[in-house]
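In: Sequence and predicted structure, then a few things I'm wondering about:
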Amino acid sequence: MKKIVLLSIAFSSFTLMTQVKKTDSISPKVRLNNGIDPFISYVSIAASNVSGGLDQKSRYAGQLYAGLNIDLEKTLGWKGTRAKVSIANRHGSGLMNEVGSVFEPLNVVGGQNTFLYDLSIEKDFGNHFSFKAGRTTAADDFSGSKLYFYSLNNTVNGVIRALLLDGLMTTFPFPTWGARLKYKPSAKHQFQLGTYQLGEGVFDDTKHGIDFSFRSSDNLSVFFQYDWFGKIANRSARVYVGAHQAFGTIANFDSGNESDYFMRFYGHVDLELIDGLRSFLTMSYSPYGGVAKVPFQSSIGLKWKGLVNSRANDSILFFATVGSFSDEWGFLHGNELSSEIVLELGYRFQITNYFGLQPALQYDIRPGGSGIIDNAFIPGVLIEANF
């Protein structure tokens, strides 16, 4: 049944997408008035493990992301309909192996290759419903916050990292067939339900995001999330809670057994504490330690206005994450593991609206959770350009 549903979604989305007119290559700074808006961004991180860990090394990694946002109401007259086409390239390498950690200090590591990423279409139904389908990932719509993207470490950059460590959540830059239904009855409340194909080799970067096939062995990943937007103590806030379920043949750590079901719960709250100071707290938990490498993860983050009043867009940034490892994962590696803690302190110079420079210091406590690897100190710098 799940195969038939996903095939229907895929066929409908691809049929619609192939009707979008092609455009000539243009400068990323140009915004067109015909409903076709190009975008391009580049992020690079350089960092060094200067003490602790397993080896003292320096690494560099970068990410190019470019594409088109297409308003199909303007281009084809399809009311309330949008499409997106994009490509992504990741290059360089990270420091996770040198540090001995589970969390990667360079968040643009993972899928170091070129991909066709977005190939999706979204349609509004009235004022409250929207439906998106095509080549996409769960990370585009679930378990995310703009506040996460300031972290150089991948503990929360993008989404709550523990969900990705399960190997059952689709994420950038590995697209798959999927669909998401959104219901927003008011400005304060939003509900989302998403289903995604978990195909064989979904995280195989040699397929470049163009393996459009379906297989009888495919698993199904399902997300539900509720968001609330409002005020707490007269300060703007956002709260979301969600659940991730996976169905199919799921490998376990402990003895090579398999499960046919998996679940993880997660949540987030962010709050403006005082003028210019934004905070967040996340938690995620799964009772399925045979599948979940990190059953529990919690992160906090602070984004505060910069030190110079004349530079209103600069920010002081702080992140702290604790991740606890499952007994089954520890048994597989012959160790009794406790937890890994990652601290990060950074300062973002927002030089222009398009360009940012962000030096940061990371401190990894108990890399890998074993307690036998020295704590690692990792200075680094991020450069980001968006057009």
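Out: Arrived safely, thanks for sending.
In: Distance of the residue lying closest to Tyr196 once chain neighbours are set aside relative to Asn386?
Out: Nearest residue to Tyr196 in three dimensions, chain neighbours excluded: Gly178, at 3.7 Å (Cβ to Cβ, 6 or more residues apart in numbering). C-beta: built from backbone N, CA, C; applies to glycine. In this view, Gly178 and Asn386 are 25 Å apart by Cβ to Cβ, to the nearest Å.
In: I'd assumed Asp141 was in contact with the residue nearest to Tyr196.
Out: No: counting by Cβ atoms under 8 Å, Gly178 stays clear of Asp141, with 9.2 Å between them.
In: The residue nearest to the spatial centre of the chain and Ala83, how far apart?
Out: The C-alpha lying nearest the average C-alpha coordinate of the chain belongs to Gly158 (Cα atoms, centre = their mean; 2.9 Å). From Gly158 across to Ala83, the span is 23 Å (Cβ to Cβ).
In: same thing with Asn113?
Out: 24 Å.
In: Wasn't Arg180 part of a helix?
Out: No: judged by DSSP: H, G, I helix; E, B strand; the rest coil, Arg180 forms no part of a helix; its state is strand.
In: Look at it and say how many residues are nearby.
Out: If you count neighbours by other Cβ atoms under 10 Å, Arg180 ends up with 22.
In: tell me the contacts of it?
Out: Listed by Cβ atoms under 8 Å, 6 or more residues apart in numbering, the contact partners of Arg180 are Phe131, Lys132, Ala133, Thr136, Asp141, Gln192, Leu193, Gly194.
In: which of these lies closest to Asn375?
Out: Closest to Asn375 out of those is Asp141 (35.9 Å), distances taken as Cβ to Cβ.
In: Look up how far Phe115 lies from that closest one.
Out: Applying Cβ to Cβ to Asp141 and Phe115 gives a distance of 18 Å.
In: Ok, Gly334 next?
Out: 36 Å.
In: Give me the more crowded residue out of those two.
Out: Between Gly334 and Phe115, counting by other Cβ under 10 Å, Phe115 is the more crowded of the two (22 against 7).
In: For the more buried one, which non-adjacent residue is closest in space?
Out: That would be Gly209: by Cβ to Cβ, 6+ apart, it lies 3.8 Å from Phe115.
In: looking at it, the one you found is touching Phe172, isn't it?
Out: No: if you go by Cβ under 8 Å, Gly209 and Phe172 don't touch, sitting 10.3 Å apart.
In: Between the two, which contacts overlap?
Out: Ala88, Tyr117.
In: Let's see if you can find the most crowded of the contacts of Arg180.
Out: Thr136 (27 neighbours).
In: Local confidence estimate at that one?
Out: As predicted, Thr136 sits at a pLDDT of 96.
In: Quickly list what it is bridged to.
Out: Thr176 (DSSP bridges).
In: which residues sit in contact with it?
Out: Per Cβ under 8 Å, 6+ apart, neighbours of Thr136: Asp118, Leu119, Ser120, Pro175, Thr176, Gly178, Arg180, Tyr196.
In: The first one should be in a strand, yeah?
Out: Yes: if the criterion is three-state DSSP, then Asp118 is within a strand.
In: which ones are touching it?
Out: Gly67, Lys84, Val85, Ser86, Gly134, Arg135, Thr136, Pro175.
In: isn't the last one right next to Leu116, touching?
Out: Yes: using Cβ under 8 Å, Pro175 makes contact with Leu116 at a distance of 7.1 Å.
In: Next, show the common contact partners of those two.
Out: Joint contacts of Pro175 and Leu116 (Cβ under 8 Å, 6+ apart) are Arg135, Gly209.
In: export the contacts of Asp118 to a markdown table and tack on distance to Arg278?
Out: Compiled in a markdown table, these are given as follows (distance: Cβ to Cβ, whole Å):
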| residue | distance to Arg278 |
| --- | --- |
| Gly67 | 28 |
| Lys84 | 28 |
| Val85 | 32 |
| Ser86 | 28 |
| Gly134 | 33 |
| Arg135 | 33 |
| Thr136 | 28 |
| Pro175 | 31 |
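In: remind me which residues of the stretch 151-300 of the chain are low pLDDT?
Out: 255-256 (pLDDT under 70).
In: residues touching Ser339, list them.
Out: Ser339 touches Val322, Gly323, Ser324, Phe325, Arg366, Gly369, counting by Cβ under 8 Å, 6+ apart.
In: Number of residues surrounding the closest residue to it other than its chain neighbours?
Out: Among residues not flanking Ser339 along the chain, Ser324 sits closest, at 4.4 Å (Cβ to Cβ, 6+ apart). Neighbour count for Ser324, taken as other Cβ under 10 Å: 17.
In: can you check Thr195 too?
Out: Around Thr195 there are 21 residues (other Cβ under 10 Å).
In: Run through the helices of the stretch 101-250 of the chain in chain order.
Out: With helices called from DSSP state H, counting those that start in this stretch, the stretch 101-250 of the chain shows them at 161-165.
In: Tell me who's in contact with Thr282.
Out: Per Cβ under 8 Å, 6+ apart, neighbours of Thr282: Val156, Ile160, Tyr266, Gly267, His268, Gln297, Ser298, Ser299, Ile300.
In: Secondary structure, neighbour count and distance to Phe224 added to the residues you listed, as a markdown table?
Out: Converted to a markdown table, the contacts of Thr282 look like this (DSSP: H, G, I helix; E, B strand; the rest coil; neighbours: other Cβ atoms under 10 Å; distance: Cβ to Cβ, whole Å):
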| residue | secondary structure | neighbour count | distance to Phe224 |
| --- | --- | --- | --- |
| Val156 | coil | 30 | 20 |
| Ile160 | coil | 28 | 15 |
| Tyr266 | strand | 23 | 11 |
| Gly267 | strand | 19 | 12 |
| His268 | strand | 24 | 14 |
| Gln297 | strand | 27 | 19 |
| Ser298 | strand | 17 | 21 |
| Ser299 | strand | 24 | 21 |
| Ile300 | strand | 14 | 25 |
